[in-house]
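[1] pasted the sequence and its predicted model underneath.
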Protein chains: 2
Amino acid sequence: MSKKVGVLLAGCGVYDGSEIHEAVLTMLYLDQADADIICMAPNMEQYHVIDHLSGTEASEKRNVLVESARIARGKIKDLKEVQASDMDALIIPGGFGAAKNLSDFAINNIKAKVHPEVQRIITDMINGKKPVGAICIAPATLTKAIADKHPEVTIGNDLGTADAIEKMGGKHVACAVDQIHVDRKRKIVTTPAYMLGPNIKNVAMGIEKLVTEVLAMI
Amino acid sequence: MSKKVGVLLAGCGVYDGSEIHEAVLTMLYLDQADADIICMAPNMEQYHVIDHLSGTEASEKRNVLVESARIARGKIKDLKEVQASDMDALIIPGGFGAAKNLSDFAINNIKAKVHPEVQRIITDMINGKKPVGAICIAPATLTKAIADKHPEVTIGNDLGTADAIEKMGGKHVACAVDQIHVDRKRKIVTTPAYMLGPNIKNVAMGIEKLVTEVLAMI
């Protein structure tokens, strides 16, 4: 039977949602490995909307689940309807949405609050000994959610973010973009992706390894 | 020197813009082949906005260039500022935006009008003997733009769309999702992608071949 892997999205676009390349590459490598993909996102208003052409904040409002549905081609579940028992593993792509919507780490740093449904699904997966992958900035939200478990995660080479990971209770591990770090005790796999980049081919190498390792841990 | 390849986007999302997976896969395989990617889109209001969760039309308005910038991570040009002389080849991913924004084929079928800037860039590329790739539904807009040249293109197996291709002056060629059709005379490469699907791994096979062939034709 196919392995069921959740992909937790946070909108659609690097500056206010899920990083699109990271999300699509995650889905590509999962599908190539014949996993069943369960896309999900919290049904909430985005922290804000960024005009990705100008880089400035727009005055409109968008919904995280509705925008995430663009990446999922409409096949997506409201996170609150998903249980850890529905899947064998969970992967969280990066993009600022992972630190603006799934938590508010991008705004409140080490005082970040994790969205309650995101907190629930991550906690249930980790407590259930099911593997969790986190890409790019998503390990910051993951760390905050399970700070008491002191996860080992990558974040690229941004000293401020690495320091915040440690202050929240995690352990930051240096890692190249084409590599992964595996925290075997907690069954967590992370890769820096666009925290380092620079290009999609580099990011793809780390994400392919992350997907392979997450599936192998099931 | 790296080959320069334009990627003509049409928004961000299968139902009202560029199909996100097709666009990202195009960029992945171009980058893996060490091509320079030049993303571009027309600066225009989208034909409409579709809520990708419900599948229904939303009342808001969005701009094609601004939304395309989400896929391009902000690195994108207004199509009107791009010349055929800036690039060695052009690839047009699919998604309804390619037939709602780049032309209005999805609405007006064989009476479709092609956006003037899209018409210009396609005509200049074809007249300059530079290869053009078109994915999914994009070959319909391509056919309308160069109907007098009677291009051979794929569209999947939708009989109505195939018939429209022929009525507009093109020649429809049956093609599996993991294959491409090469019109050597006109230097056009097409693949059905999500016109057939069903999954991202299938679509990826055709797009990888399309990118390889487009680059080989330069």
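    Structure's in. What do you need? Only a predicted model underlies this, so the values are computations on that prediction, with no experimental measurement involved.
[2] what comes up buried for stretch A:160-175?
    Residues of stretch A:160-175 classed as buried: A:161-162, A:164-165, A:168, A:170, A:172-173, A:175 (neighbour count, 16 or more other Cβ atoms under 10 Å in any protein chain shown). Backbone N, C-alpha and C define where each C-beta goes, glycine included.
[3] any idea how far apart the tips of that stretch sit?
    Separation of the first and last residues of stretch A:160-175 by Cα to Cα, to the nearest Å is 16 Å.
[4] next: stretch A:86-94.
    22 Å.
[5] repeat that for stretch A:190-199.
    End-to-end distance for stretch A:190-199, by Cα to Cα: 18 Å.
[6] for stretch A:147-157, same thing?
    In stretch A:147-157, first residue to last residue: 20 Å (Cα to Cα).
[7] repeat that for stretch A:97-104.
    End-to-end distance of stretch A:97-104 (Cα to Cα): 9 Å.
[8] same thing with stretch A:29-49?
    End-to-end distance (Cα to Cα), stretch A:29-49: 29 Å.
[9] how about that stretch, does it reach chain B?
    Yes. Using Cβ under 8 Å from any Cβ of the partner chain, stretch A:29-49 comes into contact with chain B via A:31-32.
[10] now find how far off-centre that stretch is within its chain.
    The chain centroid and the centroid of stretch A:29-49 are separated by 9 Å, computed with Cα atoms, centre = their mean, to the nearest Å.
[11] could you give me the buried positions within that stretch?
    Neighbour-count burial for stretch A:29-49, counted by 16+ other Cβ under 10 Å, picks out A:29-33, A:35, A:37-44, A:46-49.
[12] tell me the mean pLDDT for that stretch?
    What stretch A:29-49 shows for mean pLDDT is 98.
[13] ok, now how distant is the residue sitting nearest the centre point of chain A from B:Val211?
    When Cα atoms, centre = their mean is applied to chain A, the residue found nearest the centroid is A:Ile92 (2.3 Å). Distance, A:Ile92 to B:Val211, by Cβ to Cβ, to the nearest Å: 29 Å.
[14] which one of the buried residues of stretch A:160-175 is nearest to chain B?
    A:Thr161 (18.9 Å; Cβ to the nearest Cβ).
[15] what's the burial count for the closest residue to the closest one other than its chain neighbours?
    Spatial nearest neighbour of A:Thr161, chain neighbours left out: A:Ile155 (4.9 Å); criterion: Cβ to Cβ, 6 or more residues apart in numbering or on different chains. Neighbouring residues of A:Ile155 were enumerated by other Cβ atoms under 10 Å in any protein chain shown; the total is 30.
[16] pull out the buried positions in the longest helix belonging to chain A.
    If you go by DSSP state H, chain A has its longest helix at helix A:200-216. Under the neighbour-count criterion of 16+ other Cβ under 10 Å, helix A:200-216 has A:200-211, A:213-215 buried.
[17] and A:Leu90, what element?
    Using DSSP states H and E, the element containing A:Leu90 is strand A:89-92.
[18] for the helix or strand following that strand, name the packing helices and strands.
    Next helix or strand after strand A:89-92 toward the C-terminus (DSSP H and E): helix A:97-100. Applying 3 or more Cβ pairs under 8 Å, 6 or more residues apart in numbering or on different chains; DSSP states H and E, we find helix A:97-100 packed against helix A:105-108, helix A:138-145.
[19] chain center to stretch A:211-218: distance?
    With Cα atoms, centre = their mean as the basis, stretch A:211-218 stands 15 Å off its chain's centre.
[20] avg pLDDT for that stretch?
    For stretch A:211-218, mean pLDDT is 98.
[21] next one: stretch A:149-156
    Stretch A:149-156 comes out with an average pLDDT of 96.
[22] how about stretch A:56-74?
    Mean pLDDT, stretch A:56-74: 98.
[23] now swap in stretch A:169-177 and tell me
    The model assigns stretch A:169-177 a mean pLDDT of 97.
[24] list of residues touching it?
    Residues from elsewhere that reach stretch A:169-177, judged by Cβ atoms under 8 Å, 6 or more residues apart in numbering or on different chains: A:139, A:143, A:147-148, A:150-157, A:162-163, A:165-166, A:181, A:190-193, A:196-197, A:202-203, A:205-206.
[25] which residues in chain A form helices?
    Assigned by DSSP H, the helices in chain A fall at A:20-32, A:64-71, A:97-100, A:105-108, A:116-127, A:138-145, A:159-168, A:200-216.
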